[in-house]
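[1] my questions concern the predicted model and sequence given below.
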Amino acid sequence: MIKNKRGAFSDLFLFLIISFVVLLVSGMFIYMSVLTRDRLKSLTSPTENVNYTAVIDEVYEPVVNSYKMLYWLSIFIIVSMVISIFIGSYMVNTRPVFFIPYIFIVIIAVVVSVGISNAYQTLATDETLAPVFLGDGGEYTGFGGSNYMMWYLPLWIVAIGFIGGIIMFIRKKSEEFTPYG
């Protein structure tokens, strides 16, 4: 068991930053892999009895398909971070007097999350990247659950922050409980 863990107050900010970065990087990888494959196919021409399009499909198509797993991996990473916040809140040893500063930290995280959510919405609805983030019904399937989490990020931060605070400040400390004196 980890003793004297003090990181639960900053977990919400780490969640905000890492969620945004994971979605941004995942979207860029998916976009670049499909764009690179399409450009390679458009630049090749069959010469000397070599079909370059078939070679590109055989070699590069697994790369494109593996990057498309990031649609599901991103929501898995985000949900794992939420679970990690709850576990970290349970593991932290703190006093009830810190509940007031914790509420202020949650309020600041909500204010920051509004900006991050708006930035993500602007990025996801950009005409160039919208097919990647929102899906186009064809090659791109979109970040369904991740988009939902990021569009309603301030509400998620409120819920995660207060549930984490309840877990952190309400739990009984088993090492302090002595039933017989």
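    Cool, the structure landed. These numbers were taken from a predicted model, which means no experiment stands behind them.
[2] got the contact list for stretch 103-123?
    The contact list for stretch 103-123 (Cβ atoms under 8 Å, 6 or more residues apart in numbering) reads 9, 12-13, 16, 20, 23-24, 27, 129, 133, 150-154, 156-158, 161-162, 165. Every C-beta, even on glycine, is put in place using the N, C-alpha and C of the backbone.
[3] distance from the chain centre to stretch 64-81, please.
    What separates the centre of stretch 64-81 from the centre of its chain is 9 Å, taken as Cα atoms, centre = their mean, to the nearest Å.
[4] swap in stretch 112-128?
    Worked out by Cα atoms, centre = their mean, stretch 112-128 lies 14 Å from the chain centre.
[5] spell out the residue ranges of the helices in the protein.
    11-43, 52-67, 70-91, 99-124, 130-134, 144-151, 153-170 (DSSP state H).
[6] buried sites along the longest one?
    Spelled out, it's helix 11-43. Applying a neighbour-count criterion of 16 or more other Cβ atoms under 10 Å, one finds 11-12, 15-16, 19-20, 22-24, 26-27, 29-31, 33-34, 37 buried in helix 11-43.
[7] likewise the third one?
    By neighbour count on 16+ other Cβ under 10 Å, the buried set for helix 70-91 is 70-71, 74-75, 77-78, 81-82, 85-86, 88-89, 91.
[8] ok, the nearest residue to residue 60 once chain neighbours are set aside - contacts?
    The spatially closest residue to residue 60, leaving aside those adjacent along the chain, is residue 37, at 5.2 Å (Cβ to Cβ, 6 or more residues apart in numbering). Taking Cβ under 8 Å, 6+ apart as the contact definition, residue 37 lies against 56, 60, 61, 63, 64.
[9] could you pick out the buried ones from these?
    Buried among the contacts of residue 37 (16+ other Cβ under 10 Å): 56, 64.
[10] between the contacts of residue 37, which has the least confident prediction?
    Among these, residue 56 carries the weakest pLDDT, at 81.
[11] wait, that one sits on residue 41?
    Yes: counting by Cβ atoms under 8 Å, residue 41 is a contact partner of residue 56 at 5.7 Å.
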